[in-house]
Structures are given as C-alpha cells and as structure tokens.
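**Student:** task: produce atomic coordinates for the following.
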Amino acid sequence: MLAKRRQSVILAEIRRCGSVRVGELSARFGVSDMTIRRDLAELARLGLALKVHGGALHADGAGGVEPGFEAKTEWEPEAKDEIARLAARLVRPGTAIALSAGTTTRAFARHLLRVERLTVVTNSVRVAEVFAEARRPSRPGPTVVLTGGVRTPSDALVGTMAALALHDLHVDQLFLGCHGVDPTAGLTTPNLAEAETNRALIACAGSVVVLADHSKWGVVSLSSYAPLSAVDTLVTDAGLPSGAREQARAVVGRMLVAGA
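**Tutor:** Numbers count the residues shown, from 1 in each chain. Next up, the predicted model:
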C-alpha cells in the first residue's frame, strides 16, 4: 500500500475513534513501527493529527479546529481532481452556479474555465483567484460574484455579511465542499460562521451538489448545517467503501463515483 493511501486510512481511523496506537496500526498494515511513526508525523505536519507517545490523537479534539488551506491542499489531491473533473460535466453554459470554499471546489473551478457564459457566486478567495488568474482579453471567463465576510483559515468569507450578500441571490446549482459527511450528523464544519454561510448558500440554490472525497465520510465536526437528504447529488471517489456507498445512495438524490 502506498504511503499516502495508508495515511488516508489512518486519518479516517483517527477521525472515527479519536485516537490510534502505533502497535495496532503496524500489525494491521504489516509494516514496521517506524513506518507508522513516519505516517503519524506526516499527519501531524499537515495539522490533521496530534502525535503523542505510542500513537496519535484527533488534531481538533471535539472537531472545533480548522486546518489551514495549504495543509488540506496536500491531502487526497488526485481524488479531489477526479471528483472535480466529473462534477464539471454537470455544469451547462449560460447558467448561474455557486461554489463554496474548499480545496476540492478550487480544483473544480479550474475545470470550469472553458464553460461559456457562466456566472459564479462564491465565498472563496481561492476560487475567485482561479478565475482572475486565467482571465485574458480574448477569454474573459465567467462573471464572478465574490461575497464579503470574515476570512477563515480555509480562505472562506463567512458570517453575517456573507449570508446577507447571498440572501437575494438565486443560482441553478451549488457545488459544495465540506469538512465532514456523516449519515446521522449530515454535512458538518468546525467553523460556526461557515456553517451559517453554507446554509445561506444552500438556500439560494436550485440544486445542491456535494463534492467530497472518501476521507470525509464518517467525519463529524462541530456544527451540522444540512442533512444528507438535502443533497441532490453527491460526487465522491472510488476510495469510498461499498457500505458507505449504500448508506449514501439510500439518502441522497443520486451519487456519482469518480474513477469507478
């Protein structure tokens, strides 16, 4: 098993159980304790786990601390790009869409650069930068509406100002990234103000498309902002286990699996 894949499985275990032990992981994966320690050190470097003697703990305890954008960019980049490429097929020229903040939605934005006559509403500084950097006199690209608000570690603009900016807007589709997806807790985030803004994004959308790689499944963070039944389309990757796929299909409108 490749190191990145093993680390992804370890991170999912930390998120489910709150902690892991080196010895147990070593036996599970059939690798040395030193290899597991290096895996845990990498997760700690990315701000995704807290390395302790003999193992590691969930970095944010009760799910209240948000990793920075750069740390999240390094996690599951291939899966995120596959999801983004597949989701881009859902976008029709001449429509108005909304993009929430996140590393997957930034990857998604890059796949929209050739979609004509598109209007994009976003609360993501990083998403807006993608379109601004690609703008050319011969190819102006989408019309971008950037909300105001308080900037988070994920470079999202959130809070009352962002919600007010979205109040009177109407878009055909919302493409929503998320911190966690859980059958019971629904869509969750560690940032209370971002939860408020995501509710406002959902309220202004004709349909809701969630972009979430397999590592997000079963993760429950501080604040729930929508049940899974509010998701019209879930776009995920082939790393999502079959049991989780069955759970998702029973609730969401439809599910698309990239790389399957």
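
**Student:** chain neighbours aside, what residue packs nearest to R85?
**Tutor:** Spatial nearest neighbour of R85, chain neighbours left out: H111 (5.5 Å); criterion: C-beta to C-beta, 6 or more residues apart in numbering. To be clear about C-beta, it is placed using only N, CA and C from the backbone, and glycine gets the same treatment.

**Student:** need the contact list for the one you found.
**Tutor:** A84, R85, A87, A88 (C-beta atoms under 8 Å, 6 or more residues apart in numbering).

**Student:** let's go with 6 Å and repeat that
**Tutor:** Each residue near H111 by C-beta atoms under 6 Å, 6 or more residues apart in numbering is listed here: A84, R85, A88.

**Student:** may I see these organised as CSV, with pLDDT, neighbour count and distance to G239 added?
**Tutor:** Shown next, in CSV, are the contacts of H111 (pLDDT from 0 to 100; neighbours: other C-beta atoms under 10 Å; distance: C-beta to C-beta, whole Å):
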residue, pLDDT, neighbour count, distance to G239
A84, 96, 23, 15
R85, 96, 16, 16
A88, 96, 19, 20
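
**Student:** dump these to TSV, plus distance to N123 and secondary structure.
**Tutor:** Converted to TSV, these look like this (distance: C-beta to C-beta, whole Å; DSSP: H, G, I helix; E, B strand; the rest coil):
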residue	distance to N123	secondary structure
A84	18	helix
R85	23	helix
A88	20	helix
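
**Student:** from those residues, which single one is nearest R45?
**Tutor:** Of all the contacts of H111, A84 has the smallest distance to R45: 24.9 Å, by C-beta to C-beta.

**Student:** pretty sure the closest one is touching F108, no?
**Tutor:** Yes: if you go by C-beta atoms under 6 Å, A84 and F108 touch, sitting 4.0 Å apart.

**Student:** got the residue ranges for the helices in the stretch 101-250 of the chain?
**Tutor:** Ranges of helices in the stretch 101-250 of the chain, per DSSP state H, counting those that start in this stretch, are 103-110, 125-134, 160-166, 192-203, 242-249.

**Student:** deepest-packed of those, please.
**Tutor:** helix 103-110 (a mean of 25; mean count of other C-beta atoms under 10 Å).

**Student:** quick one: it to helix 125-134, angle?
**Tutor:** 20 degrees (axes from the mean of the first three to the mean of the last three C-alpha atoms, to 10 degrees).

**Student:** out of the contacts of H111, who's nearest A205?
**Tutor:** Using C-beta to C-beta, A88 comes nearest to A205 of the contacts of H111, at 17.0 Å.

**Student:** now for this protein, the helix or strand with the poorest mean pLDDT.
**Tutor:** Sorted by mean pLDDT, DSSP states H and E, the helices and strands of the chain end with helix 69-73, the least confident at a mean of 56.

**Student:** about what we covered before: which one, of the helices of the stretch 101-250 of the chain, ends up nearest to V31?
**Tutor:** Each of the helices of the stretch 101-250 of the chain has some distance to V31 by C-beta to C-beta; the shortest is helix 242-249, at 24.9 Å.

**Student:** perfect, I'm done here.
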